[in-house]
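S.K.: sequence and predicted structure below; questions after.
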Amino acid sequence: MMGIAEEIKEADTAEEKGVIISLRNVGVRYKRRGGLFRKPEYFQALEGISFDIHRGETLGIVGRNGAGKSTLLKVIAGIIQPDSGVIVNYGVTASLLTLQAGFDSELPGTDNAIISGMLMGYTRKQVEARMEDIAEFSELGDFIYEPVKTYSSGMRARLGFTVAMYMTPDVLLLDEVLSVGDKQFKKKAEVEMMKKLHSEQSVLLVSHSEGQVNRVCDRSIEI
């Protein structure tokens, strides 16, 4: 097993190959609450994960339920730190979008779109300049001015997906965001994802649909 110095050295050589994020032997474990007279136990969510993310690629992440796919995206986004291994980020921004996108249900869709865009590193003016396109693509119409608490889960997902598509972080991390919505919107979303295959933006997509991953991704890895 490589030490940290060897892991970093190996990751450093990857930059010459167009790699923008490199993971080597990444592991994450969570503490389970112990009983009154029992020591806490640990659950290994990720173990020995190694792969590279290349500029401009769309990478699918597949695996059974509980395999740690969502945890992996959180590690790449910097939301949680791994307990073992090393991640090298070559100066890129990685933004995570989930179906639970952290929307404030009391605020209208416009305000939530602005907040989501600002969390991705954009200014309010930059997001506002794209609001008309966001409203049109998400198919929300005038509902975009209504509080999100009036939205269905599909409407929330359409808004979150559309904001992510119109913002362009270096690496976009999508956690099951194509799994909801009607058939027409799913098809439109896949077309938009296909456009990413021909851009400089990198996308990591977690999906339960192997067919969907095969259609929109350059390659996939199983964890």
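M.R.: Perfect, I can see it now. What you are looking at is a predicted structure, and each value in this text was computed from that prediction instead of being measured. Residues are numbered from 1 along each chain as shown.

S.K.: use CA for all of it now, contacts and neighbours both
M.R.: Will do.

S.K.: the residue most central in space within the chain pairs with what?
M.R.: With distances taken as C-alpha atoms, centre = their mean, the residue of the chain nearest its centroid is residue 173 (1.9 Å). Beta-bridge pairing of residue 173 under DSSP bridges involves residue 96, residue 204.

S.K.: OK, contacts around it?
M.R.: By C-alpha atoms under 8 Å, 6 or more residues apart in numbering, the contact list for residue 173 reads 73, 77, 94-97, 203-205.

S.K.: let's have these in CSV, adding pLDDT and distance to residue 184.
M.R.: Compiled in CSV, those are given as follows (pLDDT from 0 to 100; distance: C-alpha to C-alpha, whole Å):
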residue, pLDDT, distance to residue 184
73, 93, 27
77, 89, 30
94, 82, 28
95, 80, 26
96, 80, 24
97, 74, 21
203, 90, 22
204, 92, 23
205, 90, 20
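
S.K.: returning to what we had before: report the separation between the residue nearest to the centre of the chain and residue 189.
M.R.: Look at residue 173 and residue 189: by C-alpha to C-alpha, to the nearest Å, they are 15 Å apart.

S.K.: what about the strands in the protein?
M.R.: 19-32, 41-54, 58-62, 84-89, 94-98, 171-175, 202-206, 219-222 (DSSP state E).

S.K.: average pLDDT for the third one, rounded please.
M.R.: Pointing back at strand 58-62 there. In this model, strand 58-62 has a mean pLDDT of 93.

S.K.: and that strand, which strands flank it?
M.R.: Taking DSSP bridges as the criterion, strand 58-62 forms sheet pairs with strand 202-206 (parallel), strand 219-222 (parallel).

S.K.: you'd agree residue 82 is up against residue 30?
M.R.: No: between residue 82 and residue 30 there is no contact under C-alpha atoms under 8 Å: 10.4 Å.

S.K.: so these two - more neighbours on which side?
M.R.: Remark: of residue 82 and residue 30, residue 82 carries more neighbours, 21 against 12, as counted by other C-alpha atoms under 10 Å.

S.K.: now that one. Nearest residue, chain neighbours left out?
M.R.: residue 28 (5.0 Å; C-alpha to C-alpha, 6 or more residues apart in numbering).

S.K.: and that neighbour, how far from residue 95?
M.R.: Per C-alpha to C-alpha, residue 28 is found 20 Å from residue 95.

S.K.: which one among the contacts of residue 173 gets closest to residue 161?
M.R.: Nearest to residue 161 among the contacts of residue 173, counting by C-alpha to C-alpha, is residue 97 at 7.6 Å.

S.K.: follow-up on the earlier one: more crowded one of residue 28 and residue 95?
M.R.: Counted by other C-alpha under 10 Å, residue 28 and residue 95 do not tie: residue 95 has more neighbours, with 26 against 21.

S.K.: any idea how far the more buried one lies from residue 106?
M.R.: 24 Å.

S.K.: give the contact list for residue 115.
M.R.: Counting by C-alpha under 8 Å, 6+ apart, residue 115 touches residue 124.

S.K.: repeat the analysis, applying 10 Å as the threshold.
M.R.: Residues in contact with residue 115 (C-alpha atoms under 10 Å, 6 or more residues apart in numbering) are 102-104, 109, 121-124, 127.

S.K.: can I get the buried part of those residues as one PyMOL selection?
M.R.: Selection of buried members from those for PyMOL, criterion 16 or more other C-alpha atoms under 10 Å:
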select buried, resi 103+109+122+127
